[in-house]
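K.L.:
coords please:
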Amino acid sequence: MLYTTKRVLTFSLGLGLLVSALAPAATGARAQGPAAKGKDEPPFHEYKGVRIGMTADESRKKLGDPTDKGDVQDFYAINDNETAQIFYDAEKKVYALSIIYMGGSGMPTAKAVLGAEVEAKPDGSMHRRVDYPKAGYWIAYSRTAGDSPLVTVTMQKK
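P.N.:
Now for the predicted structure:
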């Protein structure tokens, strides 16, 4: 059961990265206003001390032993409501992070992640990606619809 759950979560995280990367280009959903006007970094610029550009060893020191360790990515089951996937480039440096919050307390808001509110769609879902050229990465916030939404925060080096 754990293996199946891990595969589903890994697939979901990978899908989250893909959706975060493609959805803004397809819909034109780029942030406007304060979050997009030359800010150096968003309020959510690291996850538990892990930042874009850190080495795999530095990342693992911050997060501990991964649930599933690999050369190009590590998967962490933080608790029952939170997972994280850290992606490494050829130099073994962090180039992307994707965190999924599955209900419970501690789910970040769009404002806490991007520094600006995001208008919810009629079904309650929301998505926005913001480029931070000075920081060298983009960050996306996505929330599913429903009474128990999933929140995905994705950061990726440009």
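K.L.:
Please name the residues that touch I78.
P.N.:
Contacts for I78 (Cβ atoms under 8 Å, 6 or more residues apart in numbering) come out as A84. Every residue, glycine included, has its C-beta placed from N, CA and C.
K.L.:
surely T67 meets N79?
P.N.:
No. If you go by Cβ atoms under 8 Å, T67 and N79 don't touch, sitting 11.3 Å apart.
K.L.:
Out of the two, name the residue with the larger neighbour count.
P.N.:
T67 (16 against 10; other Cβ atoms under 10 Å).
K.L.:
Can you report how many residues lie near G64?
P.N.:
10.
K.L.:
Could you measure from it over to T55?
P.N.:
16 Å (Cβ to Cβ, to the nearest Å).
K.L.:
next structured bit after the helix or strand of the chain with the lowest mean pLDDT?
P.N.:
In the chain, the helix or strand scored least confidently by mean pLDDT, DSSP states H and E is helix 2-27, which has a mean of 44. Counting by DSSP states H and E, the element after helix 2-27 in chain order, helix or strand, is helix 56-63.
K.L.:
Okay, buried residues for that next one please.
P.N.:
A56, E58, S59, R60, L63 (16 or more other Cβ atoms under 10 Å).
K.L.:
How about stretch 115-122?
P.N.:
Result for stretch 115-122 [16+ other Cβ under 10 Å]: buried residues G115, A116, V118.
K.L.:
out of these, which one sits closest to L97?
P.N.:
G115 (17.7 Å; Cβ to Cβ).
K.L.:
per-residue pLDDT, that closest one?
P.N.:
In this prediction, G115 carries a pLDDT score of 93.
K.L.:
Let me know whether it touches P43 as I believe.
P.N.:
Yes. Shown here, G115 and P43 form a contact pair, counting by Cβ under 8 Å, at 5.1 Å.
K.L.:
G106 contacts N81, correct?
P.N.:
Yes. Look at G106 against N81 with Cβ under 8 Å: they come within range, at 7.2 Å.
K.L.:
okay, those two: which has more neighbours?
P.N.:
N81 (14 against 11).
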